[in-house]
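Enquirer: make a model of this:
(chains A and B)
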Amino acid sequence: MAFAFGFPLVQVVRDSFYAGNFDSPIWVGLDNYKGVVSDPAFRQSLLNNMKLLLAVPVMLGLGLAIALVLNDRIRGGRHYQSIVFLPYVLPATAIGIAFSFLLQQNGVLNTALRKAHLGGLAQDWLGNSHLAIVSVGGLVVWQQLGFAVVVFTAALLSLPPETAEAARIDGAGWWQLQLRVLVPQIRPIIELLTVIQVITVISWVFNYVYVLTAGGPGFSSSVMELYIWRSFSNGSNGTAASVAVMLLGMAGVLIGLSLWVRRQAIAA
Amino acid sequence: MRATARGSLVRVLSQHAFLIIICLSALYPLWFIGSTALRSNAAYQLDPTGFPSHPTLGSLRTILFDEPLPRWMWNSFLVTVSSVAVSTFVALLAAYAAVFGRFRGHSIFLSTSVALMVVPPVTLLVPMFVFMVDTGMVNHLQSVIVFYTGLLVPFAIFFMTGFFRTIPQELIEAAASEGAGPFTVFRRIVLPLSGAASFTLIVVQAIWVWNELLIALVFLQSESSRTLMSGLAQFQGRFVTNVPLVLAGALVSILPVVVLYLSGQRFFVRGLTAGIGK
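Expert: Down below sits the predicted model:
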């Protein structure tokens, strides 16, 4: 652990203050950081990570709705759940490749829309600089949804049945029961999962972006991880390191938050 | 009474309809991969949404015999087995020491593990790459095995600690009072009890390593050292106009995971949601 984390964590901070190649590093102070912050490609990447945050409420809302329906002791519930969870275990690379073909200009989605005489809805999902990041978000939701469903289902199952029974006897309707009685009881889990998924969309989405859009067109759907990877591939190690430090700072805040929320969730 | 009965029928039906729509959208991309891999490129170009009415094994044959895919699969297999084995072994010992040995600072050790679980690997990439260049490990499987093992260990410790805490302390104390040393206790009592938990942990880690792309992409750049995922990513760029061929590759990479999932579902679900500690 000391080797895999300790050494690189110290080294990356050091690297971020140097420029040039590894054999003859030059001390440049904060210049890497200044360069990055004024680079439009970096700003776009950061903005895209923020846009991906919108995927979190969609994913959690939909996941919660599915979990609540499954919690109604619906017939075949286990089968539904195992199908919904399946995407979560699949390799994001293979799935991303499939989605890149589904969403192409003349791909499956657009062909199907045209066949259904809804050609007006057909879009260049990956080639349009505004839509590309939306497509990435869609893919993230598609793959991560099952995780939310399983976590919420487990949380709902662990609730004491008496509260729901009491509410039912008091004449609570279905919607009232879900929103007023069940959802508030699993709030700690919802909060914890929110933090975890925020960490995911800020710092674990390289895979999706790389195979779906490669950050394109231009850098319109780039994210911070991809920016690090690109700078690093171009030999700008100092630049890559300084973005890595910033990402680490953000992740650090979120990790602190997750430890705190976790404690609350376990205490509750 | 009648009105409520009809009301609940409508509710049940709409619930099923909702779940069926969700399941179809979860399954459609898989159907797309599987069915397209069995179609000829000409048929796909004509109509990408079509049914594989004249299935062909041509694409699968090409990727398995004319392309280095089997080699990449073998690499992925080696990397997965080695890093998962090492990290599971280390985690078993570390978690045992932390829970039953209660060495000084064990609680700091455990919360460090939890924090490290979510450190984005991309931030460690540059220094690790420099290190691998210095030690001459780039383009050798050892480079990713070392890195993956390091990344897996925090989660593995977290997971095993959680499990060990459910083993009654009295059991250990009883054995110790009868003169069993810590290693005997570990081998004779703790290990036999940890079968299911270790298996769950192994499955989860194996999935993670098998699916990893970024590190493999950076550290293994020669054709013969690629893992399946980095190979696939390169495939995608090289055969843009032959969709069935690329998807045949995707199908081959997905199949082992799906088979594993269908055979050990409860291990998956339990293990993959373990990060949400209880």
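
Enquirer: just want the residue of chain B that's nearest chain A.
Expert: Residue of chain B nearest chain A, by Cβ to the nearest Cβ: B:Gly150 (2.1 Å). Where you see a C-beta, it was placed from the backbone N, CA and C, and this is true even at glycine.

Enquirer: which phi and psi does that residue have?
Expert: phi -60, psi -40 (degrees, to the nearest 10).

Enquirer: you'd agree it is up against A:Pro8?
Expert: No. Taking contacts as Cβ atoms under 8 Å, B:Gly150 lies outside contact range of A:Pro8: 9.1 Å.

Enquirer: and the residue nearest the centre of chain B, what does it touch?
Expert: Chain B has B:Ile207 as the residue nearest its centroid, 1.3 Å off, counting by Cα atoms, centre = their mean. Going by Cβ atoms under 8 Å, 6 or more residues apart in numbering or on different chains, B:Ile207 touches A:Val89, B:Val257, B:Leu260, B:Phe268, B:Leu272.

Enquirer: what count of nearby residues applies to the third one?
Expert: The burial count assigned to B:Leu260 is 17, neighbours taken as other Cβ atoms under 10 Å in any protein chain shown.

Enquirer: contacts only, for the residue lying closest to it once chain neighbours are set aside.
Expert: Closest residue to B:Leu260 apart from its sequence neighbours, by Cβ to Cβ, 6 or more residues apart in numbering or on different chains: B:Val203 at 6.8 Å. B:Val203 sits next to B:Leu260, B:Gly264, B:Phe267, B:Phe268, B:Gly271 when contact means Cβ under 8 Å, 6+ apart.

Enquirer: which ones among the residues you listed lie within helices?
Expert: Judged by DSSP state H, helices contain the following of the contacts of B:Val203: B:Leu260, B:Phe267, B:Phe268, B:Gly271.

Enquirer: returning to what we had before: can you tell me how far the residue of chain B closest to chain A is from A:Ala65?
Expert: According to Cβ to Cβ, to the nearest Å, B:Gly150 stands 39 Å off from A:Ala65.

Enquirer: if you count surrounding residues, which of those two has more?
Expert: Ranked by neighbour count (other Cβ under 10 Å), B:Gly150 and A:Ala65 place B:Gly150 first, with 25 against 15.

Enquirer: report the contact partners of the residue of the stretch 101-250 of chain A at minimum distance from chain B.
Expert: In the stretch 101-250 of chain A, the residue that lies nearest chain B is A:Ser203 (3.6 Å; Cβ to the nearest Cβ). Neighbouring residues of A:Ser203 by Cβ under 8 Å, 6+ apart: A:Met224, A:Glu225, A:Leu247, A:Met250, A:Ala251, B:Pro120, B:Val122, B:Thr123.

Enquirer: try B:Arg270
Expert: B:Thr200 are the contacts of B:Arg270 under Cβ under 8 Å, 6+ apart.

Enquirer: now the longest helix seen in chain B: average pLDDT?
Expert: Counting by DSSP H, the longest helix found in chain B is helix B:2-37. For helix B:2-37, the mean per-residue pLDDT is 88.

Enquirer: wondering if that helix reaches chain A at all.
Expert: Yes. Helix B:2-37 is in contact with chain A by Cβ under 8 Å from any Cβ of the partner chain, via B:11-12, B:15-16, B:18-19, B:22-23, B:25-27, B:29-30, B:32-33, B:36.

Enquirer: write a PyMOL command that selects only the buried members of those.
Expert: Selection of buried members from these for PyMOL, criterion 16 or more other Cβ atoms under 10 Å in any protein chain shown:
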select buried, chain B and resi 15+19+22+23+26+29+30+32+33+36
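
Enquirer: out of the residues of helix B:2-37 next to chain A, which comes closest to A:Ala112?
Expert: Of all the residues of helix B:2-37 next to chain A, B:Phe32 has the smallest distance to A:Ala112: 11.0 Å, by Cβ to Cβ.

Enquirer: mind listing what that closest one touches?
Expert: By Cβ under 8 Å, 6+ apart, the contact set of B:Phe32 is A:Ala98, A:Phe101, A:Leu102, A:Val108, B:Leu247.

Enquirer: what's the span of stretch B:99-114, first residue to last?
Expert: Stretch B:99-114 has an end-to-end distance of 15 Å (criterion: Cα to Cα, to the nearest Å).

Enquirer: does chain A have contacts with that stretch?
Expert: Yes. Contact between stretch B:99-114 and chain A is present through B:Ser111, B:Thr112, B:Ser113, B:Val114 (criterion: Cβ under 8 Å from any Cβ).

Enquirer: just to revisit the earlier point, B:His54: which of the contacts of B:Phe32 is nearest?
Expert: Closest approach between the contacts of B:Phe32 and B:His54, by Cβ to Cβ: B:Leu247, at 16.5 Å.

Enquirer: wait, the closest one touches A:Phe99, no?
Expert: No. Counting by Cβ under 8 Å, A:Phe99 is not a contact partner of B:Leu247; they are 11.4 Å apart.

Enquirer: so who does residue 115 touch?
Expert: Chain wasn't specified; assuming chain A. By Cβ under 8 Å, 6+ apart, A:Lys115 lies in contact with B:Thr49.

Enquirer: sorry, I should have been clearer: chain B.
Expert: Neighbouring residues of B:Ala115 by Cβ under 8 Å, 6+ apart: A:Ile255, A:Leu259.

Enquirer: okay, and it sits in which element?
Expert: helix B:106-116 (DSSP states H and E).

Enquirer: cool, and B:Gly249?
Expert: Secondary structure from DSSP H and E places B:Gly249 in helix B:243-263.

Enquirer: which helices and strands sit right next to that helix?
Expert: Contacts defined by 3 or more Cβ pairs under 8 Å, 6 or more residues apart in numbering or on different chains; DSSP states H and E place helix B:243-263 against helix A:77-89, helix A:92-102, helix B:2-37, helix B:41-46, helix B:58-65, helix B:69-96, helix B:195-211, helix B:228-238.

Enquirer: which of those sits most buried?
Expert: For the helices and strands packed on helix B:243-263, the largest average neighbour count (mean count of other Cβ atoms under 10 Å in any protein chain shown) is found in helix A:92-102, namely a mean of 26.

Enquirer: helices or strands up against that one?
Expert: helix A:108-115, helix A:132-157, helix A:206-212, helix B:2-37, helix B:228-238, helix B:243-263.

Enquirer: next one: the second one to chain centre, how far?
Expert: From the chain centre to the centre of helix A:132-157 is a distance of 9 Å (Cα atoms, centre = their mean, to the nearest Å).

Enquirer: spell out the secondary structure type for A:Ser242.
Expert: Taken by DSSP: H, G, I helix; E, B strand; the rest coil, the conformation at A:Ser242 corresponds to helix.

Enquirer: for it, report the pLDDT, please.
Expert: 91.

Enquirer: what's the neighbour count on A:Ser16?
Expert: So A:Ser16, with other Cβ under 10 Å, has 25 neighbours.

Enquirer: and it, what does it touch?
Expert: Per Cβ under 8 Å, 6+ apart, neighbours of A:Ser16: A:Asn32, A:Tyr33, A:Gly238, A:Ala241, A:Ser242, A:Ala244, A:Val245.
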